[in-house]
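J.: How does the following fold in three dimensions:
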Amino acid sequence: MRSVVLTLLTLTLVHGIANRCAADSPKPLRLIFITCSVEAKFFEPVKKGMRDASEQLGVSSEFIGTVGVDFPKQAEMVRQAVKDGYDGIALNLVHPEAFDQVVAEAIQVGVPVVGFNTDDRGTENARLSCVSPLLYEAGRHLGETVLDQIPKGSHVLMTMHDPGISSLENRLRGEQDVLKTKNIKWTVINTGTDAAEGARKITETLRQNPEIHVVMATGQADTEAAGRAIAENFSEEQANRKYWAAGFDLSPKTLELIQSGHIRCTVDQQPYVQGFYPVVQLTHYLRHGIMPSDVESGAAIIDVENVDQAIAGTKANYR
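T.: The predicted structure follows:
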């Protein structure tokens with residue numbers, strides 16, 4: 001349950017929206033998406049979803065963010081968006097506390113905020129809704145999918161492309177809670193967002209720990225990096241399928257590596273949905289007062305059985 005304070009903030013926002021609707025302004029609605037790691041290829045389908053919904057609904061939307069992870073700078077972008085007169089904000093809530101205050105500030109002045117990609121469930125946040133996967137549950141889902149392929153008591157490598165991002169930490173925790181059931185131990189490293197550099201780091205770690213044959217990733221960059229590392233540096237061992245990886249998100253290279261067997265599977269969180277529905281929710285809320293609601297974007301397993309369909313989707317920028 002949201003606190004009384006958040007309820008009052010929502011009522012304040014509804015009053016502000018009602019006044020704006022009453023003015024019947026002819027200006028088109030202006031929406032803005034704000035994220036960390038704006039350079040990540042993962043966000044291309046998010047942008048397509050945003051653009052498609054904006055075109056259908058006749059609104060203007062922009063997509064901005066920080067290069068890499070910079071929570072204070074991302075929060076300041078929210079404040080600047082309010083100052084610049086944007087009508088609604090979609091915010092990637094990648095930290096459980098960093099955006100609590102800035103979201104409340106936007107709500108107080110009548111600018112609705114919805115989340116996308118990652119939700120803030122660690123603390124109370126005034127955001128109206130979030131379009132995102134259930135991250136811990138998705139991590140468990142991946143762990144349960146591959147658990148019977150990992151011998152009891154094994155040592156695995158687990159990766160995150162950046163530290164401090166709640167979505168990656170929650171997926172990691174979900175994976176680990178499943179691995180614990182077979183007394184599997186792990187080593188965790190950060191790979192960075194460049195897949196080629198990540199592959200180098202993963203290769204180095206695997207060579208330092210020859211008993212590790214499985215890499216469990218948590219994001220797009222490190223999933224691709226894990227597959228690259230195995231394909232490029234452990235081809236002889238791969239002949240008997242000794243080394244393999246599993247992880248999250250889709251890239252053309254990740255899907256290619258699934259076809260070749262270097263990556264067993266990946267979880268598709270359907271980023272197109274994460275761009276499309278925030279535009280729908282903000283637009284209908286601003287125009288008609290329809291209250292946004294949470295949307296779970298999914299945790300579909302992509303493996304060799306359905307990878308061809310996923311490849312077609314990525315080429316069209318839907319996945």
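J.: now that we're looking at the residue most central in space within the chain, how far away is residue 287 from it?
T.: Residue closest to the average C-alpha location in the chain (C-alpha atoms, centre = their mean): residue 117, at 4.1 Å. Counting by C-beta to C-beta, to the nearest Å, the separation of residue 117 from residue 287 is 24 Å. Where C-beta positions appear, they are placed from N, C-alpha and C, glycine not excepted.
J.: And residue 267, by the same measure?
T.: To residue 287, residue 267 is 35 Å away according to C-beta to C-beta.
J.: more neighbours, those two?
T.: residue 267 (25 against 15; other C-beta atoms under 10 Å).
J.: quick one: least confident helix or strand in the protein?
T.: Taking mean pLDDT, DSSP states H and E as the measure, the chain has helix 4-23 as its least confident helix or strand, at a mean of 50.
J.: Which helix or strand lies directly C-terminal to that helix?
T.: Using DSSP states H and E, the helix or strand that follows helix 4-23 towards the C-terminus is strand 30-35.
J.: Quick one: name whatever helix or strand follows that following strand.
T.: Counting by DSSP H and E, what follows strand 30-35 is helix 43-57.
J.: who does that next one touch, helix- and strand-wise?
T.: When contacts are defined as 3 or more C-beta pairs under 8 Å, 6 or more residues apart in numbering; DSSP states H and E, helix 43-57 sits against strand 30-35, strand 60-65, helix 271-288.
J.: out of those, which comes closest to residue 189?
T.: Residue 189 lies closest, by C-beta to C-beta, to one member of those: strand 30-35, at 23.9 Å.
J.: Could you check the closest one and say which residues are buried?
T.: 31, 32, 33, 34, 35 (16 or more other C-beta atoms under 10 Å).
J.: Using CSV, write out the CA atom coordinates for it.
T.: In CSV, the C-alpha atoms belonging to strand 30-35 read as follows (Å, rounded to 0.1, in the frame of the first residue of the first chain):
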residue,chain,number,x,y,z
ARG,A,30,5.3,16.4,-25.0
LEU,A,31,6.6,13.3,-23.2
ILE,A,32,10.1,12.4,-22.3
PHE,A,33,11.9,9.1,-21.4
ILE,A,34,14.9,9.3,-19.0
THR,A,35,17.3,6.4,-18.4
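J.: Can you tell me the strand partners of that strand and which way each runs?
T.: strand 60-65 (parallel), strand 88-91 (parallel) (DSSP bridges).
J.: just the ones you listed: most buried one?
T.: strand 88-91 (a mean of 28; mean count of other C-beta atoms under 10 Å).
J.: If you average the pLDDT over it, what comes out?
T.: The pLDDT scores in strand 88-91 average 98.
J.: one step back: so can I have JSON lines of the helices and strands packed on helix 43-57 showing mean pLDDT?
T.: Formatted as JSON lines, the helices and strands packed on helix 43-57 follow (pLDDT from 0 to 100):
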{"stretch": "strand 30-35", "mean pLDDT": "98"}
{"stretch": "strand 60-65", "mean pLDDT": "98"}
{"stretch": "helix 271-288", "mean pLDDT": "98"}
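J.: Compare the ones you listed and give me the one nearest residue 152.
T.: helix 271-288 (35.0 Å).
J.: what angle sits between that closest one and strand 60-65?
T.: Here helix 271-288 points in a direction 130 degrees away from that of strand 60-65 (axes from the mean of the first three to the mean of the last three C-alpha atoms, to 10 degrees).
J.: can you pull the buried residues of helix 271-288?
T.: 271-283, 285-286.
J.: repeat for stretch 100-113
T.: Neighbour-count burial for stretch 100-113 [16+ other C-beta under 10 Å]: 100, 102, 103, 104, 105, 106, 107, 110, 111, 112, 113.
J.: Dump it to PDB, restricted to CA.
T.: Only the C-alpha atoms of stretch 100-113 are listed here, as PDB (Å, rounded to 0.1, in the frame of the first residue of the first chain):
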ATOM      1  CA  ASP A 100      12.100   9.100  -4.600                       C
ATOM      2  CA  GLN A 101      12.500  12.800  -4.000                       C
ATOM      3  CA  VAL A 102      12.600  14.000  -7.700                       C
ATOM      4  CA  VAL A 103       9.500  12.000  -8.600                       C
ATOM      5  CA  ALA A 104       7.600  13.500  -5.700                       C
ATOM      6  CA  GLU A 105       8.700  17.000  -6.800                       C
ATOM      7  CA  ALA A 106       7.400  16.400 -10.400                       C
ATOM      8  CA  ILE A 107       4.100  15.000  -9.000                       C
ATOM      9  CA  GLN A 108       3.700  18.100  -6.700                       C
ATOM     10  CA  VAL A 109       3.800  20.400  -9.700                       C
ATOM     11  CA  GLY A 110       1.400  18.400 -11.800                       C
ATOM     12  CA  VAL A 111       3.700  16.400 -14.000                       C
ATOM     13  CA  PRO A 112       2.900  12.700 -14.000                       C
ATOM     14  CA  VAL A 113       5.700  10.100 -13.800                       C
END
